[in-house]
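Attaching a predicted model along with its sequence, questions to come.
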Amino acid sequence: MSLLDVDGLTVEFPTRRGVLRALDRVSFSIAPGEVLGVVGESGAGKSLTGAAIIGLLEPPGRIAAGQIRLEGGRIDNLSPDRMRRVRGKQVGAIFQDPLTTLNPLYSVGRQLTETMQAHLPLSGPEARRRAVRWLEDVGIPAAAQRIDAYPHEFSGGMRQRVVIALALCAEPRLVIADEPTTALDVSIQAQVIALLKRLTRERGLSVMLVTHDMGVIAEAADRIAVMYAGRVIEIGAVADVVRNPSHPYTVGLMGSIPSLDVRVERLRQIDGAMPRLNAIPPGCPFNPRCPQVFDRCQVERPDLMPARQTEAACWLFDPAPAHG
Amino acid sequence: MPFASWLSKAATILICKSQDHPPARSNPLAPPPARSNPPPGPHPHAAWIEDQLLAFIVSRILQAIPVVLVVGLIAYAMFAFVGDPVTIMLGTDYTEAQRVALVKQLGLDQPFFVQYAKFMWAALHGEFGISYRLARPVTDLLAERMPATLELAATASVFALLVGVPMGVYTGIHRTAASRLFMVFSLVGVSLPTFLIGILLILVFSVWLQVLPSFGRGDVVRFSHWSTGFLTVGGLKALVLPAVTLGLFQMTLIMRLVRSEMLEALRSDYVKFARARGLGPRAINFGHALRNTLVPVVTIAGLQIGGIVAFSIVTETVFQWPGMGLLFVQSVQVADVPVMAAYLVMISVLFVGINLVVDLLYYAVDPRLRVAR
């Protein structure tokens, strides 16, 4: 049984000019111990999916339809207080910029103990002992001395390690990592990804890894979900999606990644831009940019369907093509 | 209100003692230890916070000296033009010999800078000369009036902080009808002038409702050098209207400032992350958001408390409050230069002192300021 089930998740933002549908029937699941990479352009809805799962959609955004189930129980309709106890305790979150996600006025130890004590019945000294252990675990040198240091006394990479410790310290089963390496130097990125991989493997954690960095995904993820205009348009095992993508958008996305093996004059790119939320075309949202577009794509919306090794939301793979 | 706890924190930092001073540098040519990376230890910064703070306080006091001198000079120069104290003191019927004698007695025949230097030199010894109007030492006059002003200013400040900060927090967190009501009310407080608020309060509470006195300090209890209105019902009742009048502007200003800072802090990444960690609303609103608003709030609140003492002139006049502000206004009318100059020098010392306290509070609030200065 999967740990997390997102089923037909639809998120809408009511505005003065009408309702914007930012996520449209997003469905995927994450198995225990699995790392699901979520990729897509900016504005595709990756971070919003994460925010919806942890119940932190910015108002006026709201879940208009669909369900989110964690270990079989729905978490999309909990009261604010019960949802608060899910956050941190069952679902941890890692944010993009470690320079701004830590409160500058509190020592890292205090932020760790505060988080643990919000969820676990720990005495002060016990929470502090565990905080030191967590700092050691995420690779902070001289953790026992550094526990009383403030965030500004750590480098960016070290701060992201502290953020990871904070996300994991109440022992959640699932972690949502929203661009955890984007703000870091390339050399630090690899270290942080290696740390994340080790911790999740050791603890059997599931991870939803949101990023637009294909290198990070290829390194860390088991499966990939590709998002476009608020929908999941392809999902499958990493190797399959990277090497044999099915959806024309994914094909274009993979083709636009520079390769060291093949010399090319120009990088390939996908013509056009992702549609704005208030101007998503009917049918398949990718149809204006798709090189293989045909009539049906402009009329009928495709859902995920088996396509070669992966699942893709594309009529090219419809086993029973509509005739007309 | 955590104001008291800020103060105590600043005090703790001031006096915090630590055993692990950084090792003395034996080689004078060795590069100085990196300031941003102090040696690890249980309290790696304590020793240097202490040294830094001491140096900081001393430098602040040294900086204050020219400030006070210049304020004294400006005050003294200005008051040379407010009127001729001699003619006022002599009345309408006097001889030229009497006038010359008085001018000589007051030292007004000497050059301006000599007068000023004499005044400042005496002021350094706590002597502010003799009031022309009341013919008594200015020091005594101010000492008599000071308790009234300080009690009024303290009550007004406590009122401004105790009401302004919670209201700012409330309106920052909640978008309710009450919240909008507070905002409208605060607009009134910011825009109405002090004397008008005072007169309106007198009209409502003293004339119509007849529950609070309209002037004076009520019953006061005297100690050797201090008279207090805090200990009697009459004294406390008399304090209500002037304190509200004096503190209302500051209260609404603090409220609006806290509100806008809260709104900003609540949007910040660290508050989002605190939410994502499942912390409770109390910890997020007060522990994480409010605390991050304190640096600007402390700055403004400090200046405002100085302003409260200075602005008490208007309030004291409206309520006939027997404080230093009223004394100042009465002295202006008869060009009583020693009293006016002494008052202004005192206010400047007060502002300098408050700013020092504000700077120390920064240290207590924000750890980033404790290193690498």
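Arrived safely. Numbering: from 1, shown residues only, chains lettered A, B, ... in the order given.

Check which helices and strands the longest helix along chain A sits against.
Assignment by DSSP state H gives helix A:186-203 as the longest helix of chain A. Where contact means 3 or more Cβ pairs under 8 Å, 6 or more residues apart in numbering or on different chains; DSSP states H and E, helix A:186-203 is packed against helix A:156-168, strand A:206-210, helix A:214-220. (Glycine included, C-beta is placed from N, CA and C.)

What strands flank the next helix or strand after the longest one, and is each parallel or antiparallel?
Right, helix A:156-168. The element immediately downstream of helix A:156-168 (helix or strand, assigned by DSSP states H and E) is strand A:174-178. If you go by DSSP bridges, strand A:174-178 pairs up with strand A:91-94 (parallel), strand A:206-210 (parallel).

Could you dump these into TSV with mean neighbour count and mean pLDDT added?
Listed next are the strands paired with strand A:174-178 as TSV, based on neighbours: other Cβ atoms under 10 Å in any protein chain shown; pLDDT from 0 to 100:
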stretch	mean neighbour count	mean pLDDT
strand A:91-94	28	93
strand A:206-210	26	94
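
Could you say which one of these comes nearest to B:Val329?
Distance to B:Val329, taken as Cβ to Cβ, is lowest for strand A:91-94 among those, at 60.9 Å.

and the closest one, C-alpha only, in CSV?
Extracted as CSV, the C-alpha positions of strand A:91-94 are listed here (Å, rounded to 0.1, in the frame of the first residue of the first chain):
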residue,chain,number,x,y,z
VAL,A,91,4.9,15.1,6.9
GLY,A,92,8.1,17.1,7.1
ALA,A,93,9.0,19.9,4.8
ILE,A,94,12.3,21.3,3.5
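
Identify the residues contacting that strand?
Outside strand A:91-94, the residues that touch it by Cβ atoms under 8 Å, 6 or more residues apart in numbering or on different chains are A:50, A:53-54, A:70, A:75, A:87, A:160, A:163-164, A:167-168, A:170, A:172-178, A:180, B:273, B:276-277.

on contacts alone, who are the packing partners of the helix or strand that it is followed by?
Counting by DSSP H and E, the next helix or strand C-terminal to strand A:91-94 is helix A:98-101. Counting by 3+ Cβ pairs under 8 Å, 6+ apart, the packing neighbours recorded for helix A:98-101 are helix A:156-168, helix B:269-276.

touching chain B at all, the helix or strand following helix A:98-101?
For helix A:98-101, the following helix or strand on the C-terminal side (DSSP H and E) is helix A:108-119. Yes - among the residues of helix A:108-119, A:114-115, A:118-119 lie within reach of chain B under Cβ under 8 Å from any Cβ of the partner chain.

can you put these in a markdown table and add neighbour count, distance to A:Ala218 and pLDDT?
Output for the residues of helix A:108-119 next to chain B, formatted as a markdown table (neighbours: other Cβ atoms under 10 Å in any protein chain shown; distance: Cβ to Cβ, whole Å; pLDDT from 0 to 100):
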| residue | neighbour count | distance to A:Ala218 | pLDDT |
| --- | --- | --- | --- |
| A:Glu114 | 21 | 36 | 94 |
| A:Thr115 | 29 | 31 | 94 |
| A:Ala118 | 19 | 36 | 93 |
| A:His119 | 21 | 34 | 93 |
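
Could I get the contacting residues of residue 138?
Here I'm looking at chain A. By Cβ under 8 Å, 6+ apart, the contact list for A:Val138 reads A:161-162, A:164-165, A:195, A:199.

wait, chain B
Counting by Cβ under 8 Å, 6+ apart, B:Val138 makes contact with B:128-131, B:338-339, B:342.

which one of the contacts of A:Val138 is nearest A:Gly43?
Nearest to A:Gly43 among these: A:Ile164, at 26.3 Å, using Cβ to Cβ.

Most tightly packed of the helices and strands packed on helix A:98-101?
helix A:156-168 (a mean of 24; mean count of other Cβ atoms under 10 Å in any protein chain shown).

what is the mean pLDDT for that one?
Helix A:156-168 shows a mean pLDDT of 93 in the predicted model.

Export that helix to CSV, keeping only CA atoms.
C-alpha atoms of helix A:156-168 as CSV (Å, rounded to 0.1, in the frame of the first residue of the first chain):
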residue,chain,number,x,y,z
GLY,A,156,24.5,28.1,3.5
GLY,A,157,25.2,24.4,3.1
MET,A,158,25.4,23.9,6.9
ARG,A,159,22.1,25.8,7.3
GLN,A,160,20.4,23.5,4.8
ARG,A,161,21.7,20.6,6.9
VAL,A,162,20.1,22.2,9.9
VAL,A,163,16.9,22.7,7.9
ILE,A,164,16.9,18.9,7.1
ALA,A,165,17.4,18.1,10.7
LEU,A,166,14.5,20.3,11.6
ALA,A,167,12.3,18.7,9.0
LEU,A,168,13.1,15.2,10.2
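
hmm, that helix in reach of chain B?
Yes - against chain B, helix A:156-168 shows contacts by Cβ under 8 Å from any Cβ at A:163, A:166-167.

by contact count, what packs against that helix?
strand A:91-94, helix A:98-101, helix A:108-119, helix A:124-137, strand A:174-178, helix A:186-203, helix B:269-276.

Among these, which comes closest to B:Leu201?
Ranking the helices and strands packed on helix A:156-168 by proximity to B:Leu201 (Cβ to Cβ) places helix B:269-276 first, at 38.9 Å.

and the closest one, C-alpha only, in CSV?
Extracted C-alpha coordinates of helix B:269-276, given in CSV (Å, rounded to 0.1, in the frame of the first residue of the first chain):
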residue,chain,number,x,y,z
ASP,B,269,10.0,32.1,5.0
TYR,B,270,10.9,31.3,8.6
VAL,B,271,7.3,31.7,9.7
LYS,B,272,6.2,29.4,6.8
PHE,B,273,8.8,26.9,7.8
ALA,B,274,7.7,27.2,11.5
ARG,B,275,4.2,26.4,10.3
ALA,B,276,5.5,23.5,8.2
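
mind listing what's buried in stretch B:139-154?
By neighbour count with 16 or more other Cβ atoms under 10 Å in any protein chain shown, stretch B:139-154 contains the buried residues B:139, B:141-142, B:144-154.

ditto for stretch A:172-191
By neighbour count with 16+ other Cβ under 10 Å, stretch A:172-191 contains the buried residues A:172-181, A:183-184, A:188-189, A:191.

Neighbours of the closest residue to chain A within chain B, how many?
The nearest approach of chain B to chain A comes at B:Gly278, 3.1 Å away (Cβ to the nearest Cβ). As a burial measure, B:Gly278 scores 25 neighbours (other Cβ atoms under 10 Å in any protein chain shown).

Using the three-state scheme, assign it.
coil (DSSP: H, G, I helix; E, B strand; the rest coil).

For it, give me its contacts.
Going by Cβ under 8 Å, 6+ apart, B:Gly278 touches A:84-89, A:115, A:118-119, A:170.

ok, now with 6 Å
Going by Cβ atoms under 6 Å, 6 or more residues apart in numbering or on different chains, B:Gly278 touches A:84, A:87-89, A:118.

one step back: with respect to chain B, which of the residues of helix A:156-168 next to chain B is nearest?
Closest to chain B, out of all of the residues of helix A:156-168 next to chain B and judged by Cβ to the nearest Cβ, is A:Leu166, at 6.1 Å.

Tell me which residue is most central in chain A.
For chain A, A:Val210 is the residue whose C-alpha lies nearest the centre (Cα atoms, centre = their mean; 2.8 Å).

what does the stretch 51-200 of chain B put close to chain A?
Residues of the stretch 51-200 of chain B lying near chain A by Cβ under 6 Å from any Cβ of the partner chain: none.

residue ranges of the helices in the stretch 51-200 of chain B, please?
Here the stretch 51-200 of chain B has its helices, by DSSP state H, counting those that start in this stretch, at B:85-90, B:96-106, B:112-124, B:138-173, B:177-191, B:194-201.

among these, which is the most enclosed?
For those, the highest mean count by mean count of other Cβ under 10 Å goes to helix B:138-173, at a mean of 21.
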